[in-house]
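*Asks:* Give me a model of this one.
(chains A, B and C)
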Amino acid sequence: MGIRHLIDFCDMSLEEWNDLYTDCCSIIDRPEKFIDACRGKVMANLFYEPSTRTSFSFQTAMLRLGGSIFGFSDPKQSSIAKGETLKDTVKMCSGYADVLVMRHPREGAARAASLYSDVPVINAGDGGHLHPTQTMTDLTTITRLRGEVGGMNIGLCGDLKNGRTVHSLIKALSQFRNIRFFLISPRELSIPDYIRAYMQEHNQWWIEVTGLDATMPQLDVLYMTRVQRERFTDPLEYERNKGVYVLNRRKLRNAKPNLLIMHPLPRVDEIDIEVDEDPRAVYFAQARFGMFARMALLRKMTSLPRLVPEPAAIGREPLCRNPNCITQTEPYLPPLVSSVGGMECCGYCDKRL
Amino acid sequence: MGIRHLIDFCDMSLEEWNDLYTDCCSIIDRPEKFIDACRGKVMANLFYEPSTRTSFSFQTAMLRLGGSIFGFSDPKQSSIAKGETLKDTVKMCSGYADVLVMRHPREGAARAASLYSDVPVINAGDGGHLHPTQTMTDLTTITRLRGEVGGMNIGLCGDLKNGRTVHSLIKALSQFRNIRFFLISPRELSIPDYIRAYMQEHNQWWIEVTGLDATMPQLDVLYMTRVQRERFTDPLEYERNKGVYVLNRRKLRNAKPNLLIMHPLPRVDEIDIEVDEDPRAVYFAQARFGMFARMALLRKMTSLPRLVPEPAAIGREPLCRNPNCITQTEPYLPPLVSSVGGMECCGYCDKRL
Amino acid sequence: MGIRHLIDFCDMSLEEWNDLYTDCCSIIDRPEKFIDACRGKVMANLFYEPSTRTSFSFQTAMLRLGGSIFGFSDPKQSSIAKGETLKDTVKMCSGYADVLVMRHPREGAARAASLYSDVPVINAGDGGHLHPTQTMTDLTTITRLRGEVGGMNIGLCGDLKNGRTVHSLIKALSQFRNIRFFLISPRELSIPDYIRAYMQEHNQWWIEVTGLDATMPQLDVLYMTRVQRERFTDPLEYERNKGVYVLNRRKLRNAKPNLLIMHPLPRVDEIDIEVDEDPRAVYFAQARFGMFARMALLRKMTSLPRLVPEPAAIGREPLCRNPNCITQTEPYLPPLVSSVGGMECCGYCDKRL
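*Replies:* Reported below is the predicted structural model:
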């Protein structure tokens, strides 16, 4: 794998992903062969906000490779939050660890960490921005259970406006041939314009609908997400909509026999518990595939040598206006600008400058 | 061992317990032979309420077998509590782990977990209901230090009304031949009727007394528990009683030279610190035996294969009226009824329906 | 190593320290040779107050030796604080562990723990009293980067009154030949009299100054510490002083080319971020050396056999008047008195009786 850090799923080429998936399958098939793969290696689990599922998945991935873990799960409980910069925490922890796994409430935090770390950084979620190992989880589930990703009719259902999981998955799936997207959501919660622009640019087939029933028979994958009351400007609109996006047995009557029902978890009530016994419900298997995908990733990343990064320039004031960008709270970060489709964007949070 | 989960100590036959105890002795005698016994295995430590001693004992047991651990020690600190059912947490964690160790404030929680888990579940305490590994700890201590359990005069002293430790120990000891119970407590805190019924049914010898001194010379084991002020309806009654149940050197003058003084810990002031130096005081050794007993148990349980449980029916309303029963907060649980002595009882919390 | 516990750096002879440093260098040179050095060993990490950096350093040290860890990082989150004596917690944990690492807000806590523990105790900081592994960290950094400690000009800068790190380092360095101390601080925050007495007694060369600039060219080591506003009785005095003790590039212009800039971390603003890129800034390397020093220590300590300590006398009232002494909250501790230079001192906190 050519990459040193995994900040964005798109940091990987499709070829790199295929290699990683092949490794992942070897682990799934013979996990006992890998129980010493990371022996003597240490992972720092730096969770600046709680995220039990993601943290457990990374932890068990590392432990099943024979590696070990230290870190924090909520900095409020830890003195690390007290007046130390992200840079200093990263420098210290990268002195102790062989890989850093970082979850942070601010967009671009993992990218910022990668500027200072002597060891690889894995983004375990940076605010509403990116969550590349969830995308790895989703692709592994589909590929492993259906043989391949290409040629699928993918239904994405629920809140498509706010879900970074969905946005990231659309971008990743667009790299495979012959995918058709069925985007099922209330109008208020449809996908953002920049995702539409992305799909157009990549000559992607898609359709946007508000109802689940009519679309169901066509789907190979149904990816459910939660519709939260607080996302609606009009509470009545929520009341009108909420039942539409709850999956139950009745709605599955016309579904394909080999449909994959997926969900990033935790679910609240968007999938009725009666669906769990349906063999097409794979959301718990999906969580387990996520562990295996992270095992493949950690094995690769911990095999990279320590490397002191190039000195970074010292910023004096943030360029970016996004109030959730990491540059707002870590003003010493060097000013990074990326160009996306001719527009200048923040090199941390990817928002337009 | 024929059992797949350990929810109740009585899930084991006496023969199964003897096998487990034999394994435990092998570990005590040669711990260095077992440092790889659980290599590559992962334990989920799911503590829905804090219990430092039990958690430490399970953790060190697993670590000394070369296994590893993830989990939480208090769900308030974790997002796991946020709107996810016990079922979903168990499904997810049993995808990551080889064994689940669960502590929960609600009665029947471990039984409920066992319906959904793909891996064995060990009950580390479910409300005031059961705590089978404490019973294993107590039996291991007595057997290891006195050669056998049968034929002993067992004194149980303190709050015998509310202590699940004591109830569980009485039921377990009743399986051995020729045990005599000396139940020493204030009248207000004497053993509940169902334990008396149990002993009668098993032709058990017992006596109930309020004083410790006169009984002392007869005892082979003195099992102390705490008498809490808040358990008394009358505070004056507490004041009159508190000194009676505090063990000190003076009260031990007439005790047998090979008496075992036991306590489940933590003690507050029910055993004076001066007793610690008495060679008959084995409560700290008892805690260490608990670790070895859990090592034997974890070794067995992690050797069982993964197994997707049978689909469970979906409950719609709890049958049980016990406000502390797990069915009160997890209404989807299938209605389970057990028959105990001709009476219908809740299959989770064992309370009469 | 002849010592059984490490409570005070001075528990070790210079020869014992040299042996430990030699071991540490072997680990730094070939860490992969030591990944099984503590296989099967368990460390209890008993942090009665949060200290993320120290805890991470000890944890990663143990993990890199193939050992494992349990413990708590803040007893408020744990039931361990609830009405259990330090003695009982130590007895229990030393039954589970092979070494105890203790951080405690009270002075003398680690010494108290060593009276009851069946396994070695390492002091990871006891209030404002001692922190021997920080001193090990500092000596390792200087020796490793400069070949030896003797003959150095050591600048200690900042709050020299309240910093136990600095006091402990001065005492340790005084054992080496031909050290010259440059003590740079505001007058209000100069070193305490007992350190001056110590240096005089050991025929130590030292000078006390208030400015950094004039001293800079002479220094081989510059050890920075934080100057906190709340330490000043007069806020104006703080405002006048604060800039003087902030290190930046300009102040380093006249420094030696092989100066070592050290800091115990976390820094707040006493070293400007622009200094980080200077090759003489070794504070992040110092944190990593601390991990290696703790690896050498843990390897030694976990090789010692279990040993039940001699029965301790039972105290009834504290001798010591220091309100932060551990004897104030654990009144059963035996009365310990040590004689320092003809004066009677508390055997726990070393304060004069």
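*Asks:* Could you check how many residues crowd around the nearest residue to residue A:152 once chain neighbours are set aside?
*Replies:* Nearest residue to residue A:152 in three dimensions, chain neighbours excluded: residue A:220, at 4.4 Å (CB to CB, 6 or more residues apart in numbering or on different chains). C-beta here means a position set from N, CA and C on the backbone, and glycine is covered the same way. Other residues near residue A:220 come to 19 when the count uses other CB atoms under 10 Å in any protein chain shown.
*Asks:* so residue A:220 makes contact with residue A:148?
*Replies:* No - contact between residue A:220 and residue A:148 fails when scored by CB atoms under 8 Å: they sit 10.8 Å apart.
*Asks:* Spell out which helix or strand contains whichever residue of the stretch 251-353 of chain A sits closest to chain C, please.
*Replies:* Nearest residue of the stretch 251-353 of chain A to chain C, counting by CB to the nearest CB: residue A:311, 4.5 Å away. Residue A:311 belongs to no helix or strand when elements are defined using DSSP states H and E.
*Asks:* Enumerate every residue touching the most centrally placed residue in chain A.
*Replies:* Of all residues in chain A, the one closest to the mean position by CA atoms, centre = their mean is residue A:131, 2.6 Å from it. By CB atoms under 8 Å, 6 or more residues apart in numbering or on different chains, residue A:131 lies in contact with A:54, A:123-125, A:164-165, A:168.
*Asks:* same thing with residue A:38?
*Replies:* Contacts of residue A:38 (CB under 8 Å, 6+ apart): A:62, A:65-67, A:298-299, A:302.
*Asks:* I'd like those laid out as a markdown table, including distance to residue C:185.
*Replies:* Listed next are the contacts of residue A:38 as a markdown table, based on distance: CB to CB, whole Å:
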| residue | distance to residue C:185 |
| --- | --- |
| A:62 | 45 |
| A:65 | 49 |
| A:66 | 49 |
| A:67 | 44 |
| A:298 | 46 |
| A:299 | 50 |
| A:302 | 44 |
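*Asks:* Most neighbours among the residues you listed, which one is it?
*Replies:* residue A:62 (28 neighbours).
*Asks:* my read: that residue touches residue A:43, true?
*Replies:* Yes - judged on CB under 8 Å, residue A:62 makes contact with residue A:43 at a distance of 4.6 Å.
*Asks:* hey, where'd the strands end up in the stretch 151-300 of chain A?
*Replies:* Per DSSP state E, counting those that start in this stretch, the stretch 151-300 of chain A carries strands over the ranges A:153-157, A:180-184, A:205-209, A:221-224, A:260-262.
*Asks:* what distance separates the first one from the centre of its chain?
*Replies:* Using CA atoms, centre = their mean, to the nearest Å, the distance from the centre of strand A:153-157 to the centre of the chain it belongs to is 17 Å.
*Asks:* again, but for the fourth one
*Replies:* On the basis of CA atoms, centre = their mean, the separation between the geometric centre of strand A:221-224 and that of its chain is 16 Å.
*Asks:* Can you show me the CA trace of the longest helix anywhere in chain A as PDB?
*Replies:* Longest helix in chain A by number of residues (criterion: DSSP state H): helix A:283-301. Taking C-alpha atoms only, helix A:283-301 is exported to PDB below (Å, rounded to 0.1, in the frame of the first residue of the first chain):
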ATOM      1  CA  TYR A 283     -26.200  -5.600   9.700                       C
ATOM      2  CA  PHE A 284     -24.800  -7.600  12.600                       C
ATOM      3  CA  ALA A 285     -22.600  -9.600  10.100                       C
ATOM      4  CA  GLN A 286     -21.600  -6.200   8.700                       C
ATOM      5  CA  ALA A 287     -20.200  -5.100  12.100                       C
ATOM      6  CA  ARG A 288     -18.100  -8.200  12.200                       C
ATOM      7  CA  PHE A 289     -16.800  -7.700   8.700                       C
ATOM      8  CA  GLY A 290     -15.800  -4.200   9.900                       C
ATOM      9  CA  MET A 291     -13.500  -5.800  12.500                       C
ATOM     10  CA  PHE A 292     -11.900  -8.000   9.800                       C
ATOM     11  CA  ALA A 293     -11.400  -5.000   7.500                       C
ATOM     12  CA  ARG A 294      -9.800  -3.100  10.200                       C
ATOM     13  CA  MET A 295      -7.500  -6.100  11.000                       C
ATOM     14  CA  ALA A 296      -6.300  -6.000   7.400                       C
ATOM     15  CA  LEU A 297      -5.700  -2.200   7.600                       C
ATOM     16  CA  LEU A 298      -3.900  -2.300  11.000                       C
ATOM     17  CA  ARG A 299      -1.700  -5.100   9.800                       C
ATOM     18  CA  LYS A 300      -0.600  -3.000   6.800                       C
ATOM     19  CA  MET A 301      -0.200   0.300   8.800                       C
END
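*Asks:* Among the contacts of residue A:131, show me the least confident.
*Replies:* Ranked by pLDDT, the contacts of residue A:131 bottom out at residue A:164 (83).
*Asks:* Near chain B, which residues of the stretch 1-150 of chain A are found?
*Replies:* With the criterion set to CB under 8 Å from any CB of the partner chain, the stretch 1-150 of chain A comes near chain B through A:32, A:35, A:50-53, A:56-57, A:59-60, A:63-64, A:66, A:68, A:73-74, A:77.
*Asks:* List only buried entries from those residues.
*Replies:* A:50-53, A:56-57, A:59-60, A:63-64, A:66, A:68, A:73-74, A:77 (16 or more other CB atoms under 10 Å in any protein chain shown).
*Asks:* Between which two of the residues you listed is the distance greatest?
*Replies:* By the measure CB to CB, A:66 and A:77 form the most distant pair in those, at 28.0 Å.
*Asks:* ok, the residue nearest to residue A:272 when sequence neighbours are not counted - how many residues close by?
*Replies:* The shortest distance from residue A:272 to any non-neighbouring residue, by CB to CB, 6+ apart, is to residue A:248 (4.2 Å). Look at residue A:248: counted by other CB under 10 Å, it has 12 neighbours.
*Asks:* Look at residue A:248 and report its pLDDT.
*Replies:* 96.
*Asks:* Contacts only, for it.
*Replies:* A:272, A:274-275.
*Asks:* try residue A:281
*Replies:* Counting by CB under 8 Å, 6+ apart, residue A:281 touches A:261, A:271, A:275.
*Asks:* Now do the contacts for residue A:21.
*Replies:* A:139-140, A:143, A:293, A:296.
*Asks:* Helix or strand: which one has it?
*Replies:* Assigned by DSSP H and E, residue A:21 falls in helix A:14-29.
*Asks:* can you give me the mean pLDDT across whichever helix or strand comes after that helix?
*Replies:* Where DSSP H and E defines the elements, the next helix or strand beyond helix A:14-29 is strand A:42-47. For strand A:42-47, the mean per-residue pLDDT is 97.
*Asks:* and strand A:42-47 with helix A:283-301, angle?
*Replies:* On the basis of axes from the mean of the first three to the mean of the last three CA atoms, to 10 degrees, strand A:42-47 is oriented at 130 degrees to helix A:283-301.
*Asks:* neighbouring contacts of strand A:42-47?
*Replies:* A:55, A:58-59, A:62, A:67-75, A:89, A:93-94, A:96-104, A:124, A:298, A:302, C:60, C:63-64.
*Asks:* can I get the CA coordinates of that strand in PDB?
*Replies:* Once non-C-alpha atoms are left out, strand A:42-47 reads as follows in PDB (Å, rounded to 0.1, in the frame of the first residue of the first chain):
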ATOM      1  CA  VAL A  42       1.000  -0.900  20.100                       C
ATOM      2  CA  MET A  43      -2.000   1.000  18.900                       C
ATOM      3  CA  ALA A  44      -3.000   4.400  20.400                       C
ATOM      4  CA  ASN A  45      -6.800   4.700  20.500                       C
ATOM      5  CA  LEU A  46      -7.300   8.500  20.700                       C
ATOM      6  CA  PHE A  47     -11.100   9.100  21.000                       C
END
